[in-house]
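Q: Pasted the sequence and its predicted model underneath.
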Protein chains: 2
Amino acid sequence: MDQWWINGRAGRQVDITDRGFTYADGLFETVAIRAGAPRFLGLHLDRLLTGCGRLGIAVPTRASLAADLKASVRDIPYGVLKVFVTRGPGPRGYALPDRPAPTVAWGTGESRAQPSLPIEIRWCETMTSANPATAGLKSLGRLEQVLARAEWQQPEIAEGLMLSTEGQLVGGTASNVFLVAGDRLLTPGVNRSGIAGVMRRVVIEAALGAGIPVLETELSAADVRNATEVFLTNALTGIRPVRQLGPQRWATGPVTGQLCRLLFAAGVGECAGES
Amino acid sequence: MDQWWINGRAGRQVDITDRGFTYADGLFETVAIRAGAPRFLGLHLDRLLTGCGRLGIAVPTRASLAADLKASVRDIPYGVLKVFVTRGPGPRGYALPDRPAPTVAWGTGESRAQPSLPIEIRWCETMTSANPATAGLKSLGRLEQVLARAEWQQPEIAEGLMLSTEGQLVGGTASNVFLVAGDRLLTPGVNRSGIAGVMRRVVIEAALGAGIPVLETELSAADVRNATEVFLTNALTGIRPVRQLGPQRWATGPVTGQLCRLLFAAGVGECAGES
């Protein structure tokens, strides 16, 4: 990221007593910038502000936050916007501060446009926790994903799939996962583990709009093995078809191809060429 | 805290790309300062450096860290030392930085001496996750404890007990829990949930030294109900006997009293008056 703003001021320094640092008491969003605008900003703000509500963090004013974010990315043709909301600084101890002053911060940076090509992935040994209190939230507590991502260095492996401690498929370290089984699209629910991804939501809506049945449910490693198509989603990469997982290989199938075309038409330009 | 040091310099500003902030990719210690010295510093450093090893964070040099921490608290008669080690700043993404530069930070503050009197506690509805990858670590990811502590405001309730998502007793939001059953001392294991508390370790060693059998094991809410004595431990408060939990009341029993006397003799001055 090239430029940071913290509570409305240019800067990149956070107070060490900020509860985002001391307790992971906060949330973040990673937003694609396309042609000077934050893509799917409404969906990102929906998730961010819903999360603030769940955590009891005083919610930033949606309209002014949206306006500030849009202004910050206006001159960036293609890049990334990362937004943080934390409960702000506080005295030692888990109890909420008497008068919380949440921290709202964001950073922007340019990046290089590239299409989302089919990828090779692996299984991670590190599991994700299962906890309804934090499930679905994009909270700052991401140590499990860090440990999972540290399991491999090979550049040809683009992502790792994680199971929950309850044995359920959760998704990639930084992506949601979809499976095609029969004529249906399957994806893990996010009420016990995982993150309610924005691109996940976009794909679900696109599929439903195209008459493809979608099931958000409990899935296992066996469901991945039995799937006829597998793809990952992420706000920055759209749909990435999985072409290899260990010994198993997939061609990019018709459902994935159809969804890529639908997302391309909806402004997810990196979903080009998959058909 | 009154004074902060970050990477050897006085200051309290952390870079917003510090992975402690962005991903809870780090650890902390809360150490009692007594008579100008960090109490049980060796045990705190054991846990901190073991945790760094588990996370693959380049371990600070123990001797120099110990010397710096001791020097920082020399003029504080009674207070708190909080120490952080994170993986340091990094680019966006969970993958470890190519050349990590860990952040080592600490803060000191004075506090008021007070004996650890018997307390009233409650049950929390928020559960702790169960995950061997992070169990036992005092990681920066403490959102579950924050949410649990936010369940009550009544000042007469000193702590809340948490169960894991697997239904096992874990401990207080900011303490470990011990039960007396028959002639044995029971405490939850920390290999799936919870934190391997320093005062927990001190109590276990004191009990074993006094010939009291200690069992670190899976425990349930029913085990709490059936216990003849219950107490909580924390590095800053020593042993706090539980006198009330919902409708149930306990007097401070003989095992708790004996352990308080042993800890008092070992330098845990706040364990006075329990006999």
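A: Perfect, I can see it now.
Q: In the stretch 101-250 of chain A, where is pLDDT below threshold?
A: Within the stretch 101-250 of chain A, no range satisfies pLDDT under 70.
Q: so where do the helices sit in it?
A: Taking DSSP state H, counting those that start in this stretch, the helices of the stretch 101-250 of chain A run over residues A:143-149, A:198-209, A:221-226.
Q: So stretch A:104-123, near chain B or not?
A: Yes. Using Cβ under 8 Å from any Cβ of the partner chain, we find that stretch A:104-123 touches chain B at A:105, A:107, A:109. Yep, even glycine has a C-beta here, placed from its N, CA and C like the rest.
Q: Grab the longest helix from chain A for me.
A: Under DSSP state H, the helix in chain A containing the largest number of residues is helix A:41-55.
Q: Is the residue nearest to A:Gly172 when sequence neighbours are not counted bridged to anything, and to what?
A: Counting by Cβ to Cβ, 6 or more residues apart in numbering or on different chains, A:Gly172 lies nearest to A:Glu159, which is 4.2 Å off, once chain neighbours are set aside. Under DSSP bridges, the beta-bridge partners of A:Glu159 are A:Ile121.
Q: burial count for A:Glu159?
A: Other residues within reach of A:Glu159 by the criterion other Cβ atoms under 10 Å in any protein chain shown amount to 25.
Q: and if you look at the one 4 residues further on?
A: Residue neighbour count, defined by other Cβ under 10 Å, stands at 22 for A:Leu163.
Q: Do I have it right that it meets A:Leu219?
A: No. Under the criterion of Cβ atoms under 8 Å, A:Leu163 lies out of contact with A:Leu219, with a separation of 9.7 Å.
Q: hey, what's in contact with both of these two?
A: Between them, A:Leu163 and A:Leu219 share these contacting residues under Cβ atoms under 8 Å, 6 or more residues apart in numbering or on different chains: A:Leu169.
Q: that older thread, tell me which of the helices of the stretch 101-250 of chain A sits nearest to chain B.
A: helix A:143-149 (3.9 Å; Cβ to the nearest Cβ).
Q: Show me what that closest one is packed up against.
A: Other helices and strands packing on helix A:143-149, by 3 or more Cβ pairs under 8 Å, 6 or more residues apart in numbering or on different chains; DSSP states H and E, are strand A:157-163, helix B:19-23.
Q: these two touch, right, A:Ala130 and B:Ser129?
A: Yes. Taking contact to mean Cβ under 8 Å, the distance of 6.9 Å between A:Ala130 and B:Ser129 places them in contact.
Q: out of the two, which sits in the busier spot?
A: Neighbours were counted for A:Ala130 and for B:Ser129 using other Cβ under 10 Å; B:Ser129 has more, 27 against 23.
Q: What are the structural domain limits within chain A?
A: Taking automatic domain parsing as the criterion, chain A consists of the domains A:3-110, A:119-265.
Q: For B:Arg92, find the nearest of those.
A: Each of these was checked against B:Arg92 via Cβ to Cβ, and the shortest separation belongs to domain A:3-110, namely 6.6 Å.
Q: What is the distance between the closest one and the centre of its chain?
A: On the basis of Cα atoms, centre = their mean, to the nearest Å, the separation between the geometric centre of domain A:3-110 and that of its chain is 15 Å.
Q: re earlier: can you add distance to B:Gly93 and give the residues of stretch A:104-123 next to chain B back as CSV?
A: Written out in CSV, the entries for the residues of stretch A:104-123 next to chain B read as follows (distance: Cβ to Cβ, whole Å):
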residue, distance to B:Gly93
A:Ala105, 18
A:Gly107, 13
A:Gly109, 12
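Q: for these, which one is nearest chain B?
A: Using Cβ to the nearest Cβ, A:Ala105 is the member of those that sits closest to chain B, with 6.1 Å.
Q: near chain B, which residues of the stretch 101-250 of chain A show up?
A: Listed as neighbours of chain B in the stretch 101-250 of chain A under the rule Cβ under 8 Å from any Cβ: A:105, A:107, A:109, A:126-134, A:139-150, A:165, A:173-174.
Q: Give the residues shared as contacts by A:Ala130 and B:Ser129.
A: A:165, B:165.
Q: Quick one: end-to-end distance for stretch A:259-272.
A: Across its full length, stretch A:259-272 reaches 11 Å between end residues, using Cα to Cα, to the nearest Å.
Q: Which pLDDT value goes with A:Glu274?
A: The predicted local distance difference test score for A:Glu274 is 43.
Q: picking that back up, from the residues of the stretch 101-250 of chain A next to chain B, which land in strands?
A: Counting by DSSP state E, those place A:105, A:107, A:109 in strands.
Q: want to try JSON lines for those residues, with neighbour count as columns?
A: Formatted as JSON lines, the entries for these read as follows, by neighbours: other Cβ atoms under 10 Å in any protein chain shown:
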{"residue": "A:Ala105", "neighbour count": "24"}
{"residue": "A:Gly107", "neighbour count": "20"}
{"residue": "A:Gly109", "neighbour count": "17"}
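Q: Now for the closest residue to A:Arg249 other than its chain neighbours: which residues touch it?
A: The shortest distance from A:Arg249 to any non-neighbouring residue, by Cβ to Cβ, 6+ apart, is to A:Arg243 (6.3 Å). Contacts for A:Arg243 were tallied using Cβ under 8 Å, 6+ apart; they are A:118-120, A:249-252.
Q: All set, thanks.
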